[in-house]
Each structure stands twice: as structure tokens, then as C-alpha cells.
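Trainee: Compute the structure for the input listed below.
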Amino acid sequence: MTRKQVYFAGIAACAILPSSASAETLQQALEGAYRNNPTISAQRASIRVAEEDVPLARAAGMPTVDGSATYQENVLTGKPAPSGFFSNPDRQLVGQINANVPMFDFGGVRGSMNAAKARLEASHFGMNKTEADLFSAVVGAYMDVLRDEAVVGLNRNNVDVMRYTVKEADDRRRAGSRGPTDVAQAEARLALAESQLETAGARLISSKEQYLRLVGRAPENLELPPPLPQMPASPTDAVEMALANNPEIASARVQRTAAGYDIDVARSQAYPRLSAIGGLNQYDYLGSLEQGTGPRNGDRGTTAFVGVTLKMPILDGGRTGAQTRQARAKQDVADKQALDAEGKVIAETRSAFATWQAATNVTDTAQRGVNANQQVLAGMRAEVSAGLRPLLDQLNAEQELLNAQVTMLTARRDAYVAGFALLAVMGKADAADLNFDQSILYQPTVKAD
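Mentor: Presented below is the predicted three-dimensional model:
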């Protein structure tokens, strides 16, 4: 018996696909989803958007240099100037280069940069949450395929058993030891078994399609998943880990920090801004000055200047005050959202722990049910063969064993999926936690710190 058969119920009568060198592991499925799933790709694109907010905020405090060139025809130049005085040229070509160096803005640029970095960090936590959600879905799809393959094997085996039972009942009828009712009962159960096989096959196709959507390739000969890592001993331990590591909580807290920086930015608009300025002008009047005028600069020349600019807001119609109040209100919203995230995660963690614990207990109970039904069926077959019981009792025992086996398979699937969901809500199921190949991990372009 293969390891897969032992895991999925220890069912000797069930033929499940054997493992091979080309089998796919859960780790490979998770890595495939990490590479190919469009949800992850969209989240990475969102991070790249947030990354650009940092240099955009920094640019407001960096020196700027711009240049311009102007050609101008003066259609009205006034009266001719006396000899020795400057006159208006008929035309001119002017090139300018201007520089502006921000020197002091009462923390506006610094606050904008800090807010952008905080929101970039929040977007990283958002990607961790997206990864955990995706990986939970992949684990569910992976286990669905394993379960449904096993259920198809069970139902296929049941069809074979029912066909044999029909043949045996018909042979006994011909021999006179059974009546036609037994044959009809066996044929009815064969029809039920065939319909159950069709239903199981359709469910397997659906599970494979879900796997294909999430992972980006069809499942082929899936291996059994590895054991889950050390699980928390109690709901309290699980909640403590979730509060420390859950990315949804971390993102909400960082968003709250960013909202505080927004208040600093809004408040800075009420204070002066000091900048250093400088410029270089190159002009050419293209020979359009009257002879004997413009003794100072001549027909062409260069000028330059340096200085400082102090921009002081005096009256802005209440805009700065409104922006500050708005920023404070947004921080209050972020505070409430952070508290809500904590409460939500605590509830999800306790629920996930209870679901995992219940599923684990159901697995043990279901296994005992399978063992008991196997014993019942063996006894029924012997008693029916000896003529001590009607064939219907054996047929009922066959169906009850099949039901118990399917229940046990579902319980094993549910226990593993619930355990992984618990790890996810505790913040232990993103790409960094799953030991992916370092070459495929997303590397941010801009660091949030």
C-alpha cells in the first residue's frame, strides 16, 4: 500500500494513484501560484506604485533646474531713444537657466517622505496578506484534488463490488438459493454506485479546474502534503501570535502612523518656505538696436543672479486649517480601523483554532467509524453467505462503509486546510515563511525604512 493510501484512510479496497518521480508536491504548487497567479502580480504592481511615492515626496525638497528659450518680435517699440541711451530692440532671442534650492519648509517634505514610506510598508504587509489568502486557497484546492481522487477511487471500487454482487445474486437465483428480489436490490445499488461515481468524477473535475486557476497548471499526481509545523497549544497562544504577526493588523497600524505624518504636512503649509534661487540669462537682440544706443550691454550679452526667496502665507481662505482638520479626522479613521482590524483578527484566530481542533477530532472519530464499518461488512458478508441475513443487509453495510470512508477523507482534508488557515491568520503563511527558493521571492525596488 502506498503512503497516499495510508494517509487517506488506510483503505485497502481503494485504488489511489501511486506516487512517482514526476509527482508534484504542495511546495511546488505554492511556488507555482506565487509565480503565476494574477492576484499576486496585481499586488506587486500596487507595490511598485507605492514605491514611486517615496521619490516623488523626496523630489519636493530637492534642487530644481529648468531652462527656457524665447524669440520675440516687438511690434511696438516706442519713440527712438536719443544717442547714448538704451532703446527697445525690434527683436530678441533670450535663453534662461533658473535654479531653485529649497532650504527650509518646517517639515513639510520630511513629513511627506515619512508618510510615503509608511504607506509603502503598509503595501508590503498588504502583499503578505494577499500571499497568505492565496496560499490558503491553493492548499484547499490541492487537498480537494487529493480527496476527490480518493473518493473517485472509492466509488470506482464500489461499482466493481456492486457488479460482482449483482452477478453473484443472479448466479444464486439461477441455483435456486436466492430470489429475484435480491437481484433487483443488487441492481438498484449498482445504479446508485454508478451515479455516485459520476458525481464524484464531476467534483474532481471542478477541483482540478480550481487548482488550474490558482496555480497556473493542471494537477498531476499530487504528493501528500508535509505535516504542518508546530501548532499553537491554545486559542490564547494563537491570538498572541496573530497580534504580533498578522499582516492585516500590521498594515492598519502603519496606515495609522502615515496619517499622523499627514497632519505634520498639512500643518507645515501655514509656515514660511525659504529657498535659494539663481539664474543665468543669455540674450541677443539680433542687430535690432539703433546705432549708438545701449552702451552698457550692447547687442548681445549674459546676465546672472543669485538670491533667496521667503514665501510667507498670509491669507489662504482657510485652506490650511481645513486641510489640518481633515488630516486629523483621517487619523481618527485610521485609529478606528486599526482597532477594528485587531478585533477582526482576534475573532478569526479563535474561530480558526476551533475549526482546526474540531476537524482534527473528527478525523480520529471518522477513522474509528471506518474501522467499525469494515468489521461490520466482513461479518455481514459471512452471514449473508451462510444464509443468516438477507442480501439487503450486506448492501446497506457496503454503502455505510463507503459513506464512512468518504467522511474520513473529507475530515482529513478539512483538518489540514483548517490548520493552514490558522497559520495564515497568525501571520505564518506568507512566501518568506514557506521556504521558497530565494530567486523567486519578490524584491522591492525601494526600501520602506
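Trainee: Now for the closest residue to residue 299 other than its chain neighbours, how many residues are close by?
Mentor: Leaving out its chain neighbours, the residue that sits closest to residue 299 by C-beta to C-beta, 6 or more residues apart in numbering is residue 285, at 5.0 Å. Using the backbone N, CA and C atoms, a C-beta is placed for each residue, glycine as well. Using other C-beta atoms under 10 Å, residue 285 is surrounded by 21 other residues.
Trainee: Now for the protein, the helix or strand with the poorest mean pLDDT.
Mentor: helix 3-7 (a mean of 41; mean pLDDT, DSSP states H and E).
Trainee: Show me what counts as buried in the following helix or strand past that one.
Mentor: Using DSSP states H and E, the helix or strand that follows helix 3-7 in sequence is helix 26-36. Within helix 26-36, the residues that qualify as buried are 26, 29-34, counting by 16 or more other C-beta atoms under 10 Å.
Trainee: quick check: longest strand of this protein.
Mentor: If you go by DSSP state E, the chain has its longest strand at strand 91-104.
Trainee: Give me the distance from that one to the chain's centre.
Mentor: Taking C-alpha atoms, centre = their mean, to the nearest Å, the mean C-alpha location of strand 91-104 is offset from the chain mean by 48 Å.
Trainee: Give me the angle between the helix or strand following it and strand 91-104.
Mentor: For strand 91-104, the succeeding helix or strand toward the C-terminus, using DSSP H and E, is helix 108-175. Put simply, helix 108-175 runs at 80 degrees to strand 91-104, going by axes from the mean of the first three to the mean of the last three C-alpha atoms, to 10 degrees.
Trainee: counting contacts, what elements does helix 108-175 pack onto?
Mentor: Helix 108-175 is packed against helix 26-36, helix 38-59, helix 180-215, helix 247-268, helix 391-425, with contacts defined by 3 or more C-beta pairs under 8 Å, 6 or more residues apart in numbering; DSSP states H and E.
Trainee: so can I have a markdown table of the ones you listed showing distance to residue 375 and mean pLDDT?
Mentor: Shown next, in a markdown table, are the helices and strands packed on helix 108-175 (distance: least, C-beta to C-beta, whole Å; pLDDT from 0 to 100):
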| stretch | distance to residue 375 | mean pLDDT |
| --- | --- | --- |
| helix 26-36 | 34 | 92 |
| helix 38-59 | 48 | 92 |
| helix 180-215 | 21 | 91 |
| helix 247-268 | 48 | 95 |
| helix 391-425 | 10 | 89 |
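Trainee: Dump these into TSV; add distance to residue 439 as well.
Mentor: Shown next, in TSV, are the helices and strands packed on helix 108-175 (distance: least, C-beta to C-beta, whole Å):
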stretch	distance to residue 439
helix 26-36	11
helix 38-59	16
helix 180-215	19
helix 247-268	23
helix 391-425	24
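Trainee: So which of these is nearest residue 342?
Mentor: helix 247-268 (5.6 Å; C-beta to C-beta).
Trainee: So which elements touch the closest one?
Mentor: Where contact means 3+ C-beta pairs under 8 Å, 6+ apart, helix 247-268 is packed against helix 108-175, helix 319-385.
Trainee: List the buried residues in that helix.
Mentor: Within helix 247-268, the residues that qualify as buried by neighbour count (16+ other C-beta under 10 Å) are 247-268.
Trainee: residue contacts, the nearest residue to residue 232 once chain neighbours are set aside?
Mentor: Distances taken as C-beta to C-beta, 6+ apart place residue 238 nearest to residue 232, at 4.0 Å, with adjacent residues excluded. Residue 238 makes contacts with 232, 349-350, 352-353, 422, 426, as judged by C-beta atoms under 8 Å, 6 or more residues apart in numbering.
Trainee: just those now: which is nearest residue 93?
Mentor: Taking C-beta to C-beta as the measure, residue 426 is the one of the contacts of residue 238 closest to residue 93, at 70.2 Å.
Trainee: Run a quick neighbour tally on that closest one.
Mentor: Neighbour tally, residue 426, other C-beta under 10 Å: 27.
Trainee: secondary structure element for residue 427?
Mentor: Here residue 427 is assigned to no helix or strand, by DSSP H and E.
Trainee: For residue 280, find the nearest of the helices and strands packed on helix 108-175.
Mentor: Each of those has some distance to residue 280 by C-beta to C-beta; the shortest is helix 38-59, at 22.7 Å.
Trainee: quick one: average confidence on the helix or strand just after the closest one?
Mentor: The first helix or strand that comes after helix 38-59 along the chain, using DSSP H and E, is strand 64-73. In this model, strand 64-73 has a mean pLDDT of 94.
Trainee: residues in contact with strand 64-73?
Mentor: With contact meaning C-beta under 8 Å, 6+ apart, strand 64-73 is reached by 90-100.
Trainee: For it, which strands pair with it and how are they oriented?
Mentor: strand 91-104 (antiparallel) (DSSP bridges).
Trainee: How about the contacts made by residue 126?
Mentor: By C-beta under 8 Å, 6+ apart, residue 126 lies in contact with 43, 46, 247, 251.
Trainee: I'd like the distance from the first one to residue 128, if you could.
Mentor: Put plainly, it is residue 43. 9 Å (C-beta to C-beta, to the nearest Å).
Trainee: Looking only at neighbour counts, state which of those two leads.
Mentor: Set residue 43 next to residue 128 and count neighbours by other C-beta under 10 Å: residue 128 wins out with 23 against 20.
Trainee: ok, the closest residue to that one other than its chain neighbours - contacts?
Mentor: Distance criterion C-beta to C-beta, 6+ apart; nearest residue to residue 128, sequence neighbours excluded, is residue 247 at 3.8 Å. When contacts are counted by C-beta under 8 Å, 6+ apart, residue 247 touches 125-126, 128-129, 132, 427, 430.
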